[in-house]
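Student: Compute the structure for the input listed below.
(3 chains)
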Amino acid sequence: MTDDIRLCRTFQTAPAAVPKDDSAKYLVSGLEAEGFQAPDWLVPDLEDGTAPDMKAEGLENTIEKVPEYEFPGEIWPRVEWSYEDESFREKGREQIDRLVAELGDDIEGVVVPKVGRLGDVERAAEAVAEAEREHGYADGSIGLSIIVETGRARSDLREIAMFGADSRLTALVFGPVDYAAELGGRDLGDGMPRWDGLLEALSNEASAAGLLAIGGPFDDLFTERAGLTYYNAEEYADQIEYEARIGLDGSWSLYPKQTIQANTVHMPTPEELERDVSKIERFNAAKREGTGAVTLDGQMVDEATFKNFKNTVEQVRAIDATRPEQTADYYDEDLLERALELELSYR
Amino acid sequence: MTDDIRLCRTFQTAPAAVPKDDSAKYLVSGLEAEGFQAPDWLVPDLEDGTAPDMKAEGLENTIEKVPEYEFPGEIWPRVEWSYEDESFREKGREQIDRLVAELGDDIEGVVVPKVGRLGDVERAAEAVAEAEREHGYADGSIGLSIIVETGRARSDLREIAMFGADSRLTALVFGPVDYAAELGGRDLGDGMPRWDGLLEALSNEASAAGLLAIGGPFDDLFTERAGLTYYNAEEYADQIEYEARIGLDGSWSLYPKQTIQANTVHMPTPEELERDVSKIERFNAAKREGTGAVTLDGQMVDEATFKNFKNTVEQVRAIDATRPEQTADYYDEDLLERALELELSYR
Amino acid sequence: MTDDIRLCRTFQTAPAAVPKDDSAKYLVSGLEAEGFQAPDWLVPDLEDGTAPDMKAEGLENTIEKVPEYEFPGEIWPRVEWSYEDESFREKGREQIDRLVAELGDDIEGVVVPKVGRLGDVERAAEAVAEAEREHGYADGSIGLSIIVETGRARSDLREIAMFGADSRLTALVFGPVDYAAELGGRDLGDGMPRWDGLLEALSNEASAAGLLAIGGPFDDLFTERAGLTYYNAEEYADQIEYEARIGLDGSWSLYPKQTIQANTVHMPTPEELERDVSKIERFNAAKREGTGAVTLDGQMVDEATFKNFKNTVEQVRAIDATRPEQTADYYDEDLLERALELELSYR
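Tutor: Numbering: from 1, shown residues only, chains lettered A, B, ... in the order given. All right, here's what the predicted structure looks like:
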């Protein structure tokens, strides 16, 4: 984790164009979402989520709709790319160029899928840098996030993350469907593996390099039992709680109800917030009284420990700044106020 | 995966000599196997499968028997080797030299066990290159596969696979028994671990480098229940289905019934074949009609997607070319004919 | 594994000072432990186990108490350190300097926590080297073990272990609590993950580099059922048996009863000892009779195989040398005598 809090509890993709009367329907619905249905990151999808013959319209939808809304979260369009096909990279470069030209002030960065080894990630970073230069944006002002979904990207994950520590690279996002296809994994009736080794590495390398780590999509949106078809809340919760346990920062959402769940699982619980607010309050009180090291519950509060408490509070403040209806709904009024007013300096 | 289909659904080892009247009994039985009992790779075993005092006889059996049969699969003798013992490497070099001299046209390559770090794999590759030169074979005509069964080989797996991408290296095969012994793993009554992390890495690195990945042997051939001892079909199926799910290309077989199972699990199911044949048929029809991009079931068929469909068909064709009795037995006649006659070009 | 047997079935930490009348109570209790309660490694803990305001006293306790006892195992004090905070490294350097100055003949090495990437481990090794030089100890006479508990150390584990193969580095010890905190892993009610991928890598890299691999602490010391609170023998046994299965050399103990269990799980069982003693006895007999290769149970006994048998016997001898009451208690008198008297030379 970096010092400046970067929220991505939810990485919600929305097709940039769909074959409906209003082809921007899902994109607009993401931009307008309220309460816990509003994602931290909205990802207008120009890649697999949008049909081939609608990609041009998807790009126009994105350019037209995004500036119409004051979306409080971050906008990260997903463009086309492929480590093994120059024609896809050429399309990706054109999409990046157009997005930066028209939306450079509205987007935080772009999401690039199907990257290969480190050299291909560097190539994607260079495409973003070129668009920045071309359209007069400062170096590093447009971010880059990647989908980890090829054997090559997994093989180079450590090197890619180390490169990312000093670059515009922001998030490592897992893409299980293409990954399984690349490895030749086969569903013989019991579903696909969870790829535990990859997920553990994703969490570790992102953490070691100060990047965000985000889980992959879950597309069994609905389930059926005793004749009733209903939203599959339980299996998605299982997946994203597992992701939270191993230290991923956020989860992929394909659907407003998934966004509610991912936003909730990846924000500090009221108990976590109460615990850390109270620790900082007691730390501040002890600091006012004395000069030496401060000890809480038998543990000296060093700068690293303090950073953990502070991190919880800063996450809640960041959520409150963008989505005040979520914090108001989730935390006791009193606790939230204490969290917002706390002095957060270690020295 | 490389473009030219390389089949190794079954990596069947057979002791090259056993203490029986006919010491080549198991080797010959592998060479003569028919139907689903016939493996893709037959591995005359000069290493752990053959007793120390019979190794010389095993080498002679291999040299004598292999040319007598028109084995339709590939022959890959396993020689002796050890990253930590020069005397084993010396024996390995002599066996490789002799095999290339006498069987250079009959074998696809050699299998080298107990390799260590990358440098040791390069040393094994050089031993093969030397035998090639010595006996007038073109550079790269004799392949090399390795057993991954030491801490050092696992530690260098990424580097070994990357070296393999541009070399004679063909398959990475897991060797769990020696591996567990090297790490000091102990069976305290619940059996040994499955080494999930290693298997995931094996599948990934092989895929990223265009190599084959093969699972390890399962030697609880028989089980007993209610007084009856019978072939342990279920546990072996569990293992090899897991291997197929995570994208290994084939499984190790020690026994004709295991070969039946591994051949079956690692070939496209009739449903997979029907699905991909039909996609290519519709793709071809659309191509004939129009000029633009072809869309099937809402997805544009790009070259990468097309390669996946084509891969299924080419696998079936490769099986059909070597083992027509298996494809005839497994697929509907009509479907098989469509698969064999299909135009497979993307452009 | 290295050739000279290095025992660390138990890595028992003891706070170097606690707020009691006798602040050295737990340290002394570790030094005085007998029978199966006596650990192989006693780790006077100057880091997280000792409160901040008692660390100076803990250092004095260590310097005073350790020489008073003829502790038959190894003494490895844990000092303070942090890859991300120079002030902790400065404290660590002073503690290392003082420990080597006063206890250079009594300790086998120091344990350094919270190391980061390879460069930080090299920095810790240099701090030990400096203390050696300063106080006239031979280069390499004071060892270094590290706690693997940061994303950076996990990311560089292979490189750290490879550096360790030719250095004073002795053991890689897992630290799950800080590790989970670094990755942002959260306990949502089901406890924390086991980090299987990390543990598999720890066992592998340690094995490939000839280092010891030790599991992390388990602090749910007690459990409650039907109104009774009692020692949680079962869950700790589950953890350490898993560690033994995947090839870790020893386990972390926080408590005398844990030490009993870890000592027991990580020593050869009577069945393992009987098996390997008998193999060596038969090997020796065959060697006396003939000149050629020796075959036992159908397998040629090469030097690598022999080393496995020998390793079991040497472990038991090492335990017997330091803790004769444990071997006397655990093995049949006859078997133990055979193990102690056996000729162990391959040639």
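Student: Name the residues of chain A found near chain C, please.
Tutor: Residues of chain A lying near chain C by CB under 8 Å from any CB of the partner chain: A:1, A:158, A:161-162, A:196-197, A:200-201, A:203-205, A:207-208, A:241, A:244-247, A:249, A:265, A:272, A:293, A:295, A:298-300, A:302-304, A:308. Using the backbone N, CA and C atoms, a C-beta is placed for each residue, glycine as well.
Student: Return the subset of those lying in helices.
Tutor: In this view, these that belong to helices under DSSP state H are A:158, A:161-162, A:196-197, A:200-201, A:203-205, A:207-208, A:241, A:244-245, A:265, A:272, A:303-304, A:308.
Student: of these, list those near chain B.
Tutor: The subset of these within reach of chain B, by CB under 8 Å from any CB, is A:Asp196, A:Gly197.
Student: Report the buried members of the ones in helices among the residues of chain A next to chain C.
Tutor: Among these, those classed as buried by 16 or more other CB atoms under 10 Å in any protein chain shown are A:158, A:161-162, A:196-197, A:200-201, A:203-205, A:207-208, A:241, A:244-245, A:265, A:304.
Student: Using CSV, write down the CA coordinates of stretch A:141-150.
Tutor: What follows is stretch A:141-150, C-alpha atoms only, in CSV (Å, rounded to 0.1, in the frame of the first residue of the first chain):
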residue,chain,number,x,y,z
SER,A,141,-0.9,11.9,-15.1
ILE,A,142,-2.7,9.0,-16.9
GLY,A,143,-2.4,5.7,-15.0
LEU,A,144,-2.2,2.2,-16.3
SER,A,145,-3.7,-1.0,-14.9
ILE,A,146,-3.3,-4.4,-16.4
ILE,A,147,-5.3,-7.6,-16.6
VAL,A,148,-3.1,-10.6,-15.6
GLU,A,149,-4.5,-13.3,-17.8
THR,A,150,-1.7,-14.9,-19.7
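Student: Does that stretch reach chain B?
Tutor: Yes: Stretch A:141-150 lies within reach of chain B by CB under 8 Å from any CB, at A:Thr150.
Student: buried set for that stretch?
Tutor: Result for stretch A:141-150 [16+ other CB under 10 Å]: buried residues A:Ile142, A:Gly143, A:Leu144, A:Ser145, A:Ile146, A:Ile147, A:Val148, A:Glu149, A:Thr150.
Student: Likewise for stretch A:5-13?
Tutor: Here stretch A:5-13 shows A:Ile5, A:Arg6, A:Leu7, A:Cys8, A:Arg9, A:Thr10, A:Phe11, A:Gln12, A:Thr13 as buried, counting by 16+ other CB under 10 Å.
Student: Of those residues, which belong to strands?
Tutor: A:Thr10, A:Phe11, A:Gln12, A:Thr13 (DSSP state E).
Student: residues touching the closest residue to the third one other than its chain neighbours, list them.
Tutor: With CB to CB, 6 or more residues apart in numbering or on different chains as the criterion, A:Gln12 has its nearest non-adjacent residue at 3.6 Å, and that residue is A:Pro39. A:Pro39 makes contacts with A:Arg9, A:Thr10, A:Phe11, A:Gln12, A:Gly30, A:Ala33, A:Gly73, A:Ser253, A:Thr259, A:Ala262, A:Asn263, as judged by CB atoms under 8 Å, 6 or more residues apart in numbering or on different chains.
Student: if we look at the helix or strand harbouring A:Gly30, which residues are touching it?
Tutor: Applying DSSP states H and E as the criterion places A:Gly30 in helix A:25-32. Surrounding helix A:25-32, the residues in contact under the criterion CB under 8 Å, 6+ apart are A:12, A:14-18, A:22, A:39, A:42, A:44, A:61-62, A:65-66, A:68-69, A:71, A:256.
Student: are any of these buried, and which?
Tutor: With burial judged by 16+ other CB under 10 Å, the buried subset of those is A:12, A:14-18, A:39, A:42, A:44, A:61-62, A:65-66, A:71, A:256.
Student: Check pLDDT for those residues and point me to the minimum.
Tutor: Scanning the buried ones among the contacts of helix A:25-32 for pLDDT, the smallest score is found at A:Val18, 93.
Student: roughly how far apart are that one and chain C?
Tutor: Using CB to the nearest CB, to the nearest Å, A:Val18 is found at 35 Å from chain C.
Student: May I have the phi/psi pair for that residue?
Tutor: The phi and psi values for A:Val18, taken as degrees, to the nearest 10, are phi -130, psi 150.
Student: and what of the one 5 residues further on?
Tutor: Per-residue torsions, A:Ser23: phi -70, psi -10 (degrees, to the nearest 10).
Student: could you measure the nearest residue to it once chain neighbours are set aside against A:Thr62, distance?
Tutor: Leaving aside its sequence neighbours, A:Ser23 sits nearest to A:Ala17 (CB to CB, 6+ apart; 4.4 Å). Distance, A:Ala17 to A:Thr62, by CB to CB, to the nearest Å: 9 Å.
Student: List the contacts of A:Ala125.
Tutor: A:Ala125 neighbours (CB under 8 Å, 6+ apart): A:Leu144, A:Ser167, A:Arg168, A:Leu169.
Student: ok so the first one is a helix residue?
Tutor: No: membership of A:Leu144 in a helix is not supported by DSSP: H, G, I helix; E, B strand; the rest coil, which gives strand.
Student: Local confidence estimate at it?
Tutor: 98.
Student: Helices of the stretch 51-200 of chain A, residue ranges please.
Tutor: Along the stretch 51-200 of chain A, counting by DSSP state H, counting those that start in this stretch, helices occupy A:55-65, A:86-103, A:118-134, A:151-155, A:157-164, A:176-183, A:196-209.
Student: Now find how far off-centre the shortest one is within its chain.
Tutor: Helix A:151-155 has its C-alpha centroid displaced from the chain centroid by 20 Å (CA atoms, centre = their mean, to the nearest Å).
Student: and that helix with chain B, contact?
Tutor: Yes: Helix A:151-155 lies within reach of chain B by CB under 8 Å from any CB, at A:Gly151, A:Arg152, A:Arg154, A:Ser155.
Student: burial of A:Gly140, as a residue count?
Tutor: 12 (other CB atoms under 10 Å in any protein chain shown).
Student: With A:Phe309 instead?
Tutor: Residues contacting A:Phe309 under the criterion other CB under 10 Å number 22.
Student: show me the contacts for it.
Tutor: If you count contacts by CB under 8 Å, 6+ apart, A:Phe309 has them with A:Asp276, A:Lys279, A:Ile280, A:Phe283.
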